[in-house]
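Visitor: Sequence and computational prediction follow.
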Amino acid sequence: MSSLVLVRAKFLYQNYDGLGKPPAFSVSLGRAITSSINLTTNDPWTEEFLWSDNKETLSFCLLAIPDGGSPLISSLEVRPLPQGAYASGMGDSPNKSLRKSYRINCGYANGSLRYKHSTSTSFSHYI
């Protein structure tokens, strides 16, 4: 049986090498190219995916493109989601992923929303 995980990748160039050449590259999750990252237009950049994972490993790759420079990543988070979460969006396909296109703050202004640190499957603040 597969489980659903949230994969959040953050990319930050900020001219760390002093060359002033932010990279552009692709990201693949499993066998599919899921997004193109261009740190020339947005720095930092965050990508989020929901991935149906039925293995003990997660294949996450950064793919260089011609004249794009060297791919880089600043952080990678993989968080398990409760069984049944996003069932309507994922359907029965084990090879399907969902990608965040935007996030809307619906009024919570007291810091950031985070999952509770527990093994409980009830999450009250995920949008």
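Guide: Here it is on my side, so go on.
Visitor: ranges for the helices of the chain?
Guide: Remark: helices assigned in the chain by DSSP state H are 87-90.
Visitor: where does the chain dip in pLDDT?
Guide: 1-2, 53-55, 84-127 (pLDDT under 70).
Visitor: redo that, cut-off 80
Guide: By pLDDT under 80, the low-scoring segments of the chain are 1-3, 30, 32, 51-58, 81-127.
Visitor: show me where it has strands.
Guide: For the chain, strands defined by DSSP state E occupy the ranges 3-11, 24-29, 32-38, 45-53, 60-64, 75-80, 97-99.
Visitor: Next, the buried residues of the fourth one.
Guide: To tie it back to what came earlier, the one meant is strand 45-53. If you call a residue buried by 16 or more other C-beta atoms under 10 Å, then strand 45-53 has these buried ones: Trp45, Glu47, Glu48, Phe49, Leu50, Trp51, Ser52, Asp53. The C-beta positions use only the backbone N, C-alpha and C, and glycine is treated the same way.
Visitor: and which of those residues is nearest Thr34?
Guide: Taking C-beta to C-beta as the measure, Thr34 lies nearest Phe49 of those, at 6.2 Å.
Visitor: The closest one - nearest residue in space that isn't next to it in sequence?
Guide: Val7 (4.6 Å; C-beta to C-beta, 6 or more residues apart in numbering).
Visitor: Check the gap between the one you found and Thr57 for me.
Guide: Between Val7 and Thr57 the distance is 13 Å, computed by C-beta to C-beta, to the nearest Å.
Visitor: Nothing else from me, thank you.
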